[in-house]
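# mind folding the following:
(chains A and B)
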Number of protein chains: 2
Amino acid sequence: MSIDAILDRIDAAMPQATERLLDLLRIPSISTDPAFKADCDRAADWLVEDLQSLGFEASKRPTPGHPMVVAHFDAPEVAGPHLLFYGHYDVQPVDPLALWSRDPFDPQIEETPAGQVIRGRGASDDKGQLMTFLEACRAWKAEHGTLPCRLTIFLEGEEESGSPSLIPFMKENADELRADVALICDTGLFESKTPAIVTMLRGLLGEELTIHGPSKDLHSGMYGGVAINPIRVLSGIIAGLHDDNGRITLPGFYDGVPELSDDMRAQWQGLAFDHARFLGDVGLSVPAGESDRTPLEMIWSRPTCEVNGIWGGYTGDGFKTVLPAEAHAKISFRLVGTQDPFAIREAFRGYVTDALPADCRVEFKGHGNSPAGQMSITHPAFEASRAALTDEWGVAAAYVGCGGSIPIAGYFKTYLDMDAMLIGFGKDDDQIHSPNEKYDMESFHKGIRSWARVLDRLTR
Amino acid sequence: MSIDAILDRIDAAMPQATERLLDLLRIPSISTDPAFKADCDRAADWLVEDLQSLGFEASKRPTPGHPMVVAHFDAPEVAGPHLLFYGHYDVQPVDPLALWSRDPFDPQIEETPAGQVIRGRGASDDKGQLMTFLEACRAWKAEHGTLPCRLTIFLEGEEESGSPSLIPFMKENADELRADVALICDTGLFESKTPAIVTMLRGLLGEELTIHGPSKDLHSGMYGGVAINPIRVLSGIIAGLHDDNGRITLPGFYDGVPELSDDMRAQWQGLAFDHARFLGDVGLSVPAGESDRTPLEMIWSRPTCEVNGIWGGYTGDGFKTVLPAEAHAKISFRLVGTQDPFAIREAFRGYVTDALPADCRVEFKGHGNSPAGQMSITHPAFEASRAALTDEWGVAAAYVGCGGSIPIAGYFKTYLDMDAMLIGFGKDDDQIHSPNEKYDMESFHKGIRSWARVLDRLTR
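The predicted structure follows:
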């Protein structure tokens, strides 16, 4: 069987595949920080070159932000479906840098009690994951001299910063990008063991606000008590966003939030999610969300409101008795079902504006918005891929939810009328978005093998 | 009359006096930031040398923090009272630096529509003010070859950072420092026009707290909704410190807060304080404190609770969907009457601890504490100084309150049993603790003349 030969090639070429990934990880492609713009560009160039070496017609495509990488393989001798693969080459910022055990952009293979890991920013999210697909293509090409079907590769450089250029680019290039089904590698194994296809994704709305009070920083001795303090105002606004039961108080916020179907609830209960371990791994013991929901519901099927950052006044060493002129926060909402990000943005801004006392004003800045996603698992590619994953991992693959936002899946449906399959090999302890991010060598190796099996199943 | 000759000398020597002040202002003696430790030392050396040139036996005295400067003039030929003069050579941090119109430590004389100003960090608070006294001594010495009475100069380098070394130093050197009366130059003119002696000072309690939640920064997609968010916890704690009427909610907080006497209330009403202008100058229009108090009461005779700084999570450009491991705030309380800072610290820490949800813990750090001060104006030096100030400014000098904390006045009473006279020449628009701090040339010039007249009156 040809798939065995390809799997053997993958096993034999792991040292070279690992070197390639380390090389890509050395590029600090932090998309949210303008200081790293040239590095994002460099990461795109690296991928274009690698894709060309695989026989793709690949190019870097400019956007008002960071470039897209688009590549096509369309040899007349191959039949089968037209597949699109999506990943992102940008990474999260690295602060707090002091908590990293090594330079986040000097990646390395580390031996740990749980096996080899690839340590560095982006190792898991998403450079390691996207390279699993490219390496599967490389092995296929080495064995057969061609690829198994018509393939489009679509790599983004703004996933970690709200994807401002994505929708315009997809709209402008819809005909070029449309395929039969999309494959997305930006998710994880369930409980770090069970291969999973994500069929339910939370959306995301990001908001930044600045509360302005006095026209300048004041001395709290001279003005304290008589002048409005923007930090106090901001704290009151944040404190009012949740009620005592953990529910979000914005008017209309729960419009479009569905209850879980009995079937899905039963399937999730069958997953035997160990929430004590899930929380215990990060030093917690008590679920902090809505008091009448299970932890799995909280992270997969319930909306949230989180403060991601807050700052104002004097934050250095020592003490300064300043009464600051302004205070800032970054706040995000995770969305589910058919919650409308624009309606929620309006409700949030209305709530803040109404809560302002005399002499205060507010400035808002939007940081991206995307509705939640729900895949239609009746497309035959889902069951074929589930079988391929089950073959590779020796555990029945599952359909699961995902608390994070991967808006691209929804966009493929909305703008290109394509179903998307979210298959990924990350583990819960990969520390994505945190210091010391890693990707298990097992994830990388079996991830490559998984894609080879999926390509095989989808093109039989 | 000898005082006229001295005043003439002061007028004639203003260019040299100004150069000396600019020289001192060039030293960035920011006491709260350890990076400026050597500069604090250098400012102390500068003052020792200047005091020696005036005939003082002056020395820099080590402490566990920044040094004290102590100088004595005790020639047998002079009679009269033994006066102690206090000032501080340290300055506030300069952030946000972008709001300064010039380098804060490259001071300059600027011509403005309201007259000449000396622009730079510390110009008013407190280097310009302390130099008024030294320049008055210099003119006296130039005229008479000696100083008018026994004098001790006591200059601190930690006033802007909670004065951690002050009480131990005063206790250890009590016999050396004790005098008949203390003169303190760290306050202002009332409404920028009326010379004033402050007889009522608010105390200060500084607290820093860190709320710890998860053991590391988390991805808000993966954990949002189920993991406790320390910023949200901190916001709730801050929001709960005041009720809807602006009163502070800590149990026992108002113990020891006196009502204003009818006399003092009448005197303050007579001052015709323009609160619309006071607030309008900083972009505000509505007093934000307790709804049943006048603005002058709020800033002179009522306690406060202010957040001076807050930070947590991602605060850089763009957006990061992090659920942070910790959140921080710096909070200060202005105290009046006989409020006990230690009891309030305990009440605050108890309130915070009780407000913590499961899985959170708090760390506290104290940043100094001092009770409020109340001067006894029956000491004859008060009326003599009031007359001297009235002579110089052509406006009847007033006894006033001060919203800021000048704990040294209380310490002189507590540890050295000395009354203190707080006389200063700052103006409301001096921007102390803010960008673009300045000291009016009028304040500097008439301040020097004022001290010469006070010395004259006190030694007649």
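
# buried ones in stretch A:317-332?
Buried residues in stretch A:317-332, defined by neighbour count with 16 or more other CB atoms under 10 Å in any protein chain shown: A:318-332. Quick note: C-beta positions are derived from backbone N, CA and C, even for glycine.

# pLDDT score assigned to A:R334?
Looking at A:R334, its pLDDT reads 94.

# ok, A:G224 next?
With respect to pLDDT, A:G224 has a value of 88.

# same check on A:G246?
pLDDT at A:G246 comes out at 92.

# closest to chain B among the buried residues of stretch A:317-332?
Closest approach to chain B among these (CB to the nearest CB): A:G318, at 3.1 Å.

# helix/strand/coil for that closest one?
Per DSSP: H, G, I helix; E, B strand; the rest coil, the secondary structure class of A:G318 is coil.

# again with the one 10 residues further on
Assigned with three-state DSSP, A:H328 falls in the strand class.

# over to A:L7?
On the three-state scheme (three-state DSSP), A:L7 is labelled helix.

# which other residues reach the helix or strand of chain A with the lowest mean pLDDT?
The weakest-scoring helix or strand in chain A, judged by mean pLDDT, DSSP states H and E, is helix A:262-270 (a mean of 79). Helix A:262-270 has contacts (CB atoms under 8 Å, 6 or more residues apart in numbering or on different chains) with A:260, A:296-297, A:300, A:398-401.

# narrow the residues you listed to those in helices?
When DSSP state H is applied, these are split such that A:296-297, A:300 fall in helices.

# need these in CSV with pLDDT, can you?
Compiled in CSV, the ones in helices among the contacts of helix A:262-270 are given as follows (pLDDT from 0 to 100):
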residue, pLDDT
A:L296, 87
A:E297, 89
A:W300, 88
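
# low-confidence ranges in chain A?
By pLDDT under 70, the weakly predicted segments of chain A are A:1.

# list the contacts for the most far-flung residue of it relative to its centre?
Most distant from the centre of chain A: A:M222, at 47.5 Å, with distances by CA atoms, centre = their mean. By CB under 8 Å, 6+ apart, the contact list for A:M222 reads B:299, B:403-404, B:428, B:432.

# try A:G401
Per CB under 8 Å, 6+ apart, neighbours of A:G401: A:198-201, A:268, A:296, A:299-301.

# out of those, who's nearest A:A239?
Checking those against A:A239 by CB to CB gives A:I299 as the nearest, at 23.1 Å.

# about what we covered before: of the contacts of helix A:262-270, which is the most crowded?
Within those, neighbour counts (other CB atoms under 10 Å in any protein chain shown) peak at A:V400, which reaches 24 neighbours.

# from chain B, how far out is it?
Distance from A:V400 to chain B, counting by CB to the nearest CB, to the nearest Å: 13 Å.

# with adjacent residues omitted, what lies nearest to that residue?
Nearest non-adjacent residue to A:V400, counting by CB to CB, 6 or more residues apart in numbering or on different chains: A:A196, 4.5 Å away.

# that neighbour contacts A:A397, doesn't it?
Yes - between A:A196 and A:A397 there is a contact under CB atoms under 8 Å: 6.4 Å.

# who touches both of these two?
A:L389.

# show me which of the buried residues of stretch A:317-332 neighbour chain B.
For chain B, the contacts drawn from the buried residues of stretch A:317-332 by CB under 8 Å from any CB of the partner chain are A:318-324, A:327-330, A:332.

# sorry, back to before: nearest to A:G309, of the buried residues of stretch A:317-332?
Closest to A:G309 out of those is A:K330 (4.1 Å), distances taken as CB to CB.

# which residues in the stretch 101-250 of chain A form strands?
A:108-112, A:115-119, A:150-156, A:181-184, A:196-201, A:203-212, A:218-219 (DSSP state E, counting those that start in this stretch).

# which residues does A:S235 contact?
By CB under 8 Å, 6+ apart, the contact list for A:S235 reads B:234-236, B:238-239, B:307, B:310.

# quick one: which helix or strand includes the nearest residue to A:E207 once chain neighbours are set aside?
Nearest non-adjacent residue to A:E207, counting by CB to CB, 6+ apart: A:I331, 5.1 Å away. Element membership for A:I331 (DSSP states H and E) is strand A:326-335.

# point out the other helices and strands that the very next helix or strand once past that strand packs with.
Proceeding N to C from strand A:326-335, the next assigned helix or strand is helix A:341-355, under DSSP H and E. On a contact count with 3 or more CB pairs under 8 Å, 6 or more residues apart in numbering or on different chains; DSSP states H and E, helix A:341-355 meets strand A:203-212, helix A:230-239, strand A:326-335, strand A:361-370.

# columns distance to A:C137 on top of these, output as CSV?
Below are these laid out as CSV (distance: least, CB to CB, whole Å):
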stretch, distance to A:C137
strand A:203-212, 30
helix A:230-239, 47
strand A:326-335, 33
strand A:361-370, 28
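
# and those: which comes nearest A:I27?
Nearest to A:I27, of the helices and strands packed on helix A:341-355 and by CB to CB, is strand A:361-370 at 23.3 Å.

# helices or strands next to the closest one in the packing?
strand A:203-212, strand A:326-335, helix A:341-355, helix A:407-416.

# comparing the ones you listed, which comes out most buried?
Neighbour counts (mean count of other CB atoms under 10 Å in any protein chain shown) averaged over each of the helices and strands packed on strand A:361-370 peak at strand A:326-335, with a mean of 25.

# isn't A:A179 right next to A:T152, touching?
Yes - if you go by CB under 8 Å, A:A179 and A:T152 touch, sitting 5.6 Å apart.

# what residues are shared contacts of those two?
Shared contacts of A:A179 and A:T152 (CB under 8 Å, 6+ apart): A:82-84.
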